[in-house]
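# Coordinates for the following, if possible.
(2 chains)
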Amino acid sequence: MSSLHIYNTLSRKKEEFKPINPPFVGLYVCGPTVYDEVHLGNMRQFTSFDVVYRYLNNLDYQVRYVRNITDVGHLTDDGDDGEDKIEKKAKANKIEPMEIVQKYTNGFHHISKLFNLIDPNIEPTATGHIVEQIEMIKRIIANGYGYEVNGSVYFDVKKYLEKYPYGELSGRKIDEQLEQTRANLEGGSEKKYFADFGIWKAASKETIMKWPSPWGDGVPGWHLECSVMSTKYLGQEFDIHGGGMDLKFPHHECEIAQSVGADGRSPVRYWMHGNMLTVNGEKMSKSKGNSFLPLELFSGKHPMLKKGFSPMTVRFFMLQTHYSSTLDFSNEALEASEKGFQRLMNAYKSLPSLLAKSKQETDTDKEIAALGDSCKMHMDDDFNTPKTIASLFDLSSIVNKINDNTLTVSQAGLNNLQAIMKNFIEDVLGLAFEAKQGNEALDSAMGLIIEMRKSARENKDWTTSDKIRDELGAVGIAIKDGKEGTSWSIS
RNA sequence: GGUCGGAUGGCCGAGCGGCUAGGCUCAGCUCUGCAAAAGCUGCUACACCGGUUCGAAUCCGGUUCCGACCUCCA
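The predicted model follows:
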């Protein structure tokens, strides 16, 4: 029996996963900043961690999954003149910042449902934890790691470096060379040291979203919310913290420094980082202009897309690559996944109609059990979804062969097959049948049509039978004549 | 410039010292009234140059390309 191993960014190694307080597991994932439509790259991270969450649950851990919503404090720039992204958008649209927040939070939740993401157990917001953030800043100052300048508070990285490493997670060293370059660039900075970062930002009179604090009206620094909300709900030390690669530095590095500075403890046992999404080999990003939105991907309404792809196809496509590798989007790759996904789901769907034709255990039964074990083994190996999917394809090939009577199974083997496929396809990978499988009325209408076509075929009335098939095909309903009768599906 | 990661068959994408992942495409066959679906068979790749080893896509050194981060980003 294997056990779960996770690649820990901090140690740069795969480590056996040992929860701090089994059977409880704390999982924190950096959520979206809701100043715009959720980005596809965001969704890839959330999908990756959705599988992490599902699998931990599957291993019978009691997981508390916290994923935040950043609704204030994320500045367009870390310098002195940075502007809050949400506030900026609100002003441009002449509406309340909280309207922006509500609008894009709703949008994000909608897309999450389409991707079949399980809701986190707690979805805290930065604005809901201002008090806690102020308290943390106080502790940081009290410990000598923060200083105030003109109503803003900065984290004193130089002081911190006297006692602790900074840059451990991202493998970065703060060197003098860089200090000089930067010091020159940022002439009139309030910071004492180039690497210092803001933990409280003084607000101007015009700022709409601001809160009173011991240092005057202002907003908390972006990195602070994650430090506060993760430890508030998961404890001062918790198991897993996830996010995108690009958050390693400075965001996650700052989180560690803040927690150590405030409470003397590094909060996270296992740091997990998902890799980027690329388009034609380049990182998909808003600033590069090569990104499309989830809804554009589903509808196909984007110049770079040949057609639309269903949410489940996209989810499957994402899971065919390991979360730590870059994933390149292209029409060809998406089309390949679409077909593969349909094949997998068709096999899975035909499973209940299979018959056990052996009284005792067969070789196929054993093979099924072995493939079930390998699914688990692959998931245990740092959530290797591509390999798990490969085993699932082997399983679906067995399903087809049983269906074609080239393999035989016992009832026990069949039950096992059903249980394994359900577990990994639905529960662990979170793949679901697309909702367009029709309804009762359509089912009975199709039953009637197929019956009529059957009698036409028995009378060798090919004109009628082919007409039925072709016309249905034209509206997207495929007719498949099998040995055991005719079935249909909507494409 | 610094730090880190990557180069795998027609395409996508696993692999982390021996046991030819998987998906898609393509070709042939079986089944079928025809078609589709399904099944079977075929297609043996690891950027380049050295080295270590009985054995390397996998380890070491070098070369060339590509990407990410270092400034907001998932």
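
# State the helix or strand in which whichever residue of the stretch 301-450 of chain A sits closest to RNA strand B lies.
Across the stretch 301-450 of chain A, the shortest distance to RNA strand B (C-beta to the nearest atom of the strand) belongs to residue A:340, at 2.4 Å. All C-beta spots, glycine's among them, are computed from the backbone N, C-alpha and C. For residue A:340, the host element (DSSP states H and E) is helix A:331-350.

# Past that helix, which element shows up next along the chain?
Toward the C-terminus, helix A:331-350 is succeeded by helix A:363-380 as the next helix or strand (DSSP H and E).

# How about that next one, which residues are buried there?
A:364-365, A:367-369, A:371-372, A:374-376, A:378-380 (16 or more other C-beta atoms under 10 Å).

# Over to stretch A:407-425?
In terms of neighbour count (16+ other C-beta under 10 Å), stretch A:407-425 has its buried residues at A:407-410, A:412-414, A:416-418, A:420-421, A:424-425.

# Distance of the closest residue to RNA strand B within the stretch 201-350 of chain A relative to residue A:326?
Closest to RNA strand B within the stretch 201-350 of chain A is residue A:244: 1.2 Å, counting by C-beta to the nearest atom of the strand. As judged by C-beta to C-beta, to the nearest Å, residue A:244 and residue A:326 stand 11 Å apart.

# who touches both of these two?
By C-beta atoms under 8 Å, 6 or more residues apart in numbering, residue A:244 and residue A:326 have these common neighbours: A:275-276.

# Check the offset of stretch A:164-176 from the chain's centre.
Taking C-alpha atoms, centre = their mean, to the nearest Å, one finds stretch A:164-176 lying 28 Å from the centre of the chain it belongs to.

# so does that stretch get close to RNA strand B?
Yes: among the residues of stretch A:164-176, A:170-173, A:175 lie within reach of RNA strand B under C-beta under 7 Å from any atom of the strand.

# contacting residues around that stretch?
A:9-10, A:157, A:160-161, A:195, A:248-249, A:252-253, A:256-257, A:260, A:271.

# Ranking by neighbours, what's the top pick from these?
residue A:257 (29 neighbours; other C-beta atoms under 10 Å).

# Now do the phi/psi pair for that one.
When read as degrees, to the nearest 10, the backbone of residue A:257 gives phi -60, psi -40.

# Can you name the residues of the stretch 351-491 of chain A that neighbour RNA strand B?
For the stretch 351-491 of chain A, the residues in contact with RNA strand B (C-beta under 7 Å from any atom of the strand) are A:381, A:384, A:386-387, A:389-390, A:393-394, A:396-397, A:400-401, A:403-404, A:406, A:457, A:462, A:465-466, A:469, A:478-483.

# what's the spacing between the residue lying closest to residue A:45 once chain neighbours are set aside and residue A:428?
What sits nearest to residue A:45 in space, not counting adjacent residues and going by C-beta to C-beta, 6 or more residues apart in numbering, is residue A:274, at 4.6 Å. Relative to residue A:428, residue A:274 is positioned 17 Å away (C-beta to C-beta).

# Who has more neighbours out of the two?
Legend: neighbour count by other C-beta under 10 Å for residue A:274 and residue A:428, higher for residue A:274 (25 against 22).

# Mind pulling the model confidence for that one?
pLDDT, residue A:274: 94.

# what's the next secondary structure element after the helix or strand bottoming out on mean pLDDT in chain A?
Taking mean pLDDT, DSSP states H and E as the measure, the helix or strand of chain A with the lowest value is helix A:176-185, at a mean of 48. Next in sequence after helix A:176-185, counting helices and strands by DSSP H and E, comes strand A:197-202.

# From the residues of the stretch 351-491 of chain A next to RNA strand B, list just the buried residues.
For these, a neighbour count by 16+ other C-beta under 10 Å gives the buried set as A:381, A:384, A:387, A:389-390, A:396, A:403, A:457, A:465, A:469, A:479.

# pLDDT weak spots in the stretch 251-400 of chain A?
A:287 (pLDDT under 70).

# distance of residue A:195 from RNA strand B?
According to C-beta to the nearest atom of the strand, to the nearest Å, residue A:195 stands 8 Å off from RNA strand B.

# Which of the buried ones among the residues of the stretch 351-491 of chain A next to RNA strand B fall within helices?
Residues of these located in helices (DSSP state H): A:387, A:389-390, A:396, A:403, A:457, A:465, A:469.

# if we can go back for a sec, quick one: the residue of the stretch 301-450 of chain A closest to RNA strand B and residue A:319 touch, right?
No: in this structure residue A:340 lies outside contact range of residue A:319 using C-beta atoms under 8 Å: 11.2 Å.

# Between the two, which has more neighbouring residues?
Neighbours per residue (other C-beta under 10 Å) separate residue A:340 from residue A:319, with residue A:319 holding more: 26 against 16.

# who's in contact with that one?
By C-beta under 8 Å, 6+ apart, the residues touching residue A:319 are A:47, A:51, A:385-386, A:389, A:429, A:431.

# and the gap between it and residue A:431?
Separation of residue A:319 from residue A:431 (C-beta to C-beta): 8 Å.

# Then residue A:112?
From residue A:112 to residue A:431 the distance is 15 Å (C-beta to C-beta).

# The closest residue to residue A:4 other than its chain neighbours: how many residues sit nearby?
Counting by C-beta to C-beta, 6+ apart, the nearest residue to residue A:4 once its immediate chain neighbours are dropped is residue A:17, at 4.3 Å. By the criterion of other C-beta under 10 Å, residue A:17 has 20 neighbours.

# pLDDT score assigned to residue A:17?
On the pLDDT scale, residue A:17 is placed at 95.

# That one and residue A:240: what is the separation?
The gap separating residue A:17 from residue A:240 is 8 Å, by C-beta to C-beta.

# With residue A:260 instead?
Residue A:260 is 18 Å from residue A:240, by C-beta to C-beta.

# How about residue A:21?
Spatial separation of residue A:21 from residue A:240 under the definition C-beta to C-beta is 13 Å.

# which of the two has more neighbours?
More crowded of residue A:21 and residue A:240, by other C-beta under 10 Å: residue A:240, with 25 against 12.
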